[in-house]
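1. this one's sequence-less:
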């Protein structure tokens, strides 16, 4: 921590900081190191921060608070990382100059409600800034969980770059545009997928059982044939024995 803290402290007039693909492989999973780099540093003039292509998998709460303290920040770039969820802390609502946030080419499956509220607040508090958010090329999961985001897309004043190109990444709605999904497509997709999966499982089990039975018949074919012949001979002998007993039975006076 001590070796990272205040790393840029001698650059109080720094306007743009480009750390694209700058983290070493062993550092990428430790996003807290970024916070140590930024804390105790005077970034009052910083307007653009680029952190793309660093393999970052999550943004912790403390890093978010650290970014919020950069009062002049206009552009934040996290493109090309491995972020699975988009979560902005409430402190971003204080951002007065934030114009663009680039989260393109990550692996988001959905956007949580708090983040949508924060983005709306940033816009409403600073309507002249015209906040733009880039969420292109994600791994959107288009089940019921995506519905609040889809509804927000149609009502928010925040400019969502390329919104019409947001596509479902997998499932029953694969490759469909999120903006065009109906409620039944979103909330029915999970049910339909579950039913389809259940049918597939049943069919597979039936096929396995059938193959096992065929295998048993092939392996024990001779034994089953011998058993069948034995049963048939036994039935024949029993029938002959019954006929013989009838023929040899004594006649009564009544006969």
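-> Good, I have the coordinates. As the structure is a prediction and not an experimental result, all values here were calculated from the model.
2. for the rest of this, base every contact and every neighbour count on C-alpha atoms.
-> Fine.
3. ranges for the helices of the chain?
-> Secondary structure of the chain (DSSP state H): helices at 32-38, 61-68, 113-125, 147-155, 183-219, 221-247.
4. what's the closest of those to residue 54?
-> Nearest to residue 54 among the helices of the chain is helix 32-38; the distance by CA to CA comes to 11.2 Å.
5. for the closest one, what is the average pLDDT?
-> Summarised as a single mean, pLDDT over helix 32-38 is 73.
6. can you give me the offset of it from its chain's centre?
-> With CA atoms, centre = their mean, to the nearest Å as the basis, the distance from the averaged C-alpha position of helix 32-38 to the chain average is 28 Å.
7. mind giving me the packing neighbours of that helix?
-> helix 61-68 (3 or more CA pairs under 8 Å, 6 or more residues apart in numbering; DSSP states H and E).
8. show me what the helix it packs on is in contact with.
-> 31-32, 34-35, 38-39, 88-89, 91-92, 94-95 (CA atoms under 8 Å, 6 or more residues apart in numbering).
9. in JSON lines, list the helices of the chain along with mean neighbour count.
-> Shown next, in JSON lines, are these (neighbours: other CA atoms under 10 Å):
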{"stretch": "helix 32-38", "mean neighbour count": "19"}
{"stretch": "helix 61-68", "mean neighbour count": "16"}
{"stretch": "helix 113-125", "mean neighbour count": "18"}
{"stretch": "helix 147-155", "mean neighbour count": "15"}
{"stretch": "helix 183-219", "mean neighbour count": "13"}
{"stretch": "helix 221-247", "mean neighbour count": "12"}
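10. is it possible to get a markdown table of those helices that adds distance to residue 169?
-> Formatted as a markdown table, those follow (distance: least, CA to CA, whole Å):
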| stretch | distance to residue 169 |
| --- | --- |
| helix 32-38 | 30 |
| helix 61-68 | 27 |
| helix 113-125 | 20 |
| helix 147-155 | 14 |
| helix 183-219 | 13 |
| helix 221-247 | 51 |
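11. and of those helices, who's closest to residue 137?
-> Residue 137 lies closest to helix 147-155 among these, at 15.4 Å (CA to CA).
12. other SSEs contacting the closest one?
-> For helix 147-155, the helices and strands in contact under the criterion 3+ CA pairs under 8 Å, 6+ apart are helix 113-125, helix 183-219.
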